[in-house]
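K.L.:
test case, fold it:
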Amino acid sequence: MGRSERIFCFEAFDVTDPLVQSAERLYEQTQHPDERIPWGWIARSIKGRATWRPGTWGKHLLVATPEEHANDPAHLAGFAYGAHLPGYGGYVSYIGVADAARRRGVGTRLFGQMFKVLAADAGAADEPLPFVVWESHKPGPGSTEADWKLWEARVRLFDRVGGLWVDGLELQTPNYASENGPPVSLQLFVKPIDTLVVGFDEEKVKDIAAGLLERVYRARPGDPMYDATLPPGCHPRLRPAKDAARRREPEKKLALV
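P.N.:
Numbering: from 1, shown residues only. Take a look at the predicted model:
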């Protein structure tokens, strides 16, 4: 794919479309099994678009292709899956870019188009879109250098699209690879849309995390995932996305006595 080619980004409506089948393969290649819902759930949401009405979850599968190969599944550049949650905001669940399409602005294009379709859903329901939220897995101790490089590239993308990192909070989510496996710990990112950044104080950020847990993961106070995400003394705040790329916080120097 040449650098001069435009990227088409559009919604898929037919589960039998070869581009959707290609998106399924890319989904399995780019998303960690622990974080991956069954593809059948996504396929059902595609079928449901024909009967969608404002006021219900608006789920979208977007596909990205180079202009000259817009209908060729072999040239699928990327995909994004997200939803508008009425009375809450927008949620980008998954985004993946094909290896051959990296460094072409595909991720930025997918995020930008997803923001637009989520805003359209909010507008259809005659409500604002205060923010769009998404999660991502940060490498931990024992991770490879390749894992860290991939994380740093993701964070640069999040920064480019206007995402802010929620510092001081780790979202605990279900382990989809193992029903009895430990929860998956994810970093949270927020892009303000119709609410000014100054409106996202500590309590607002907590509300965003709580709303995501309750509405997406069906976890409420008293649930181990909920309580581990929002323990007493939790003080989350928004910081530039690029700050999430730090492998560890700078060590504080002890004052000499």
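K.L.:
in what helix or strand does Trp151 lie?
P.N.:
helix 145-160 (DSSP states H and E).
K.L.:
now do that helix, average pLDDT.
P.N.:
The pLDDT scores in helix 145-160 average 94.
K.L.:
against which helices or strands is it packed?
P.N.:
The helices and strands touching helix 145-160, judged by 3 or more CB pairs under 8 Å, 6 or more residues apart in numbering; DSSP states H and E, are helix 106-124, strand 131-136. Where C-beta positions appear, they are placed from N, C-alpha and C, glycine not excepted.
K.L.:
what lines up beside the shortest one in the sheet?
P.N.:
Next to strand 131-136 in the sheet, as set by DSSP bridges, lie strand 89-97 (parallel), strand 184-192 (antiparallel).
K.L.:
residues making contact with it?
P.N.:
Here strand 131-136 makes contact (CB atoms under 8 Å, 6 or more residues apart in numbering) with 82, 89-93, 95, 114-115, 118, 151, 154, 158, 163, 171, 173, 186-195, 200, 208, 212.
K.L.:
if we can go back for a sec, ranking the helices and strands packed on helix 145-160 by burial, who's on top?
P.N.:
Most buried of the helices and strands packed on helix 145-160, by mean neighbour count (mean count of other CB atoms under 10 Å): strand 131-136, with a mean of 23.
K.L.:
now do that one against helix 106-124, angle only.
P.N.:
Going by axes from the mean of the first three to the mean of the last three CA atoms, to 10 degrees, strand 131-136 is angled at 140 degrees with respect to helix 106-124.
K.L.:
using PDB, write out every CA atom in strand 131-136.
P.N.:
Extracted C-alpha coordinates of strand 131-136, given in PDB (Å, rounded to 0.1, in the frame of the first residue of the first chain):
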ATOM      1  CA  PHE A 131     -16.500  11.400  25.900                       C
ATOM      2  CA  VAL A 132     -15.300   8.300  24.200                       C
ATOM      3  CA  VAL A 133     -13.400   5.800  26.300                       C
ATOM      4  CA  TRP A 134     -11.200   2.700  25.500                       C
ATOM      5  CA  GLU A 135      -8.800   0.400  27.300                       C
ATOM      6  CA  SER A 136      -5.500  -1.200  26.500                       C
END
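K.L.:
so how far is that strand off the chain centroid?
P.N.:
Remark: strand 131-136 is offset 5 Å from the chain centroid, using CA atoms, centre = their mean, to the nearest Å.
K.L.:
again, but for stretch 122-132
P.N.:
18 Å.
K.L.:
that one: end-to-end distance?
P.N.:
Stretch 122-132 has an end-to-end distance of 11 Å (CA to CA, to the nearest Å).
K.L.:
any idea of the mean pLDDT for that stretch?
P.N.:
97.
K.L.:
measure the closest residue to Gln31 other than its chain neighbours to Val205 for me?
P.N.:
Nearest residue to Gln31, sequence neighbours excluded (CB to CB, 6 or more residues apart in numbering): Tyr94, at 5.7 Å. Distance of Tyr94 to Val205, computed by CB to CB, to the nearest Å: 23 Å.
K.L.:
Asn175 now?
P.N.:
Taken as CB to CB, the span from Asn175 to Val205 is 25 Å.
K.L.:
between these two, point out the one with more neighbours.
P.N.:
The neighbour comparison of Asn175 against Val205 (other CB atoms under 10 Å) goes to Val205, with 22 against 15.
K.L.:
what are the ranges of the strands in the stretch 1-150 of the chain?
P.N.:
Remark: strands assigned in the stretch 1-150 of the chain by DSSP state E, counting those that start in this stretch are 7-11, 58-66, 78-85, 89-97, 131-136.
K.L.:
angle of the first one against strand 58-66?
P.N.:
When the same axes, to 10 degrees is applied, the directions of strand 7-11 and strand 58-66 differ by 160 degrees.
K.L.:
cool, thanks, signing off.
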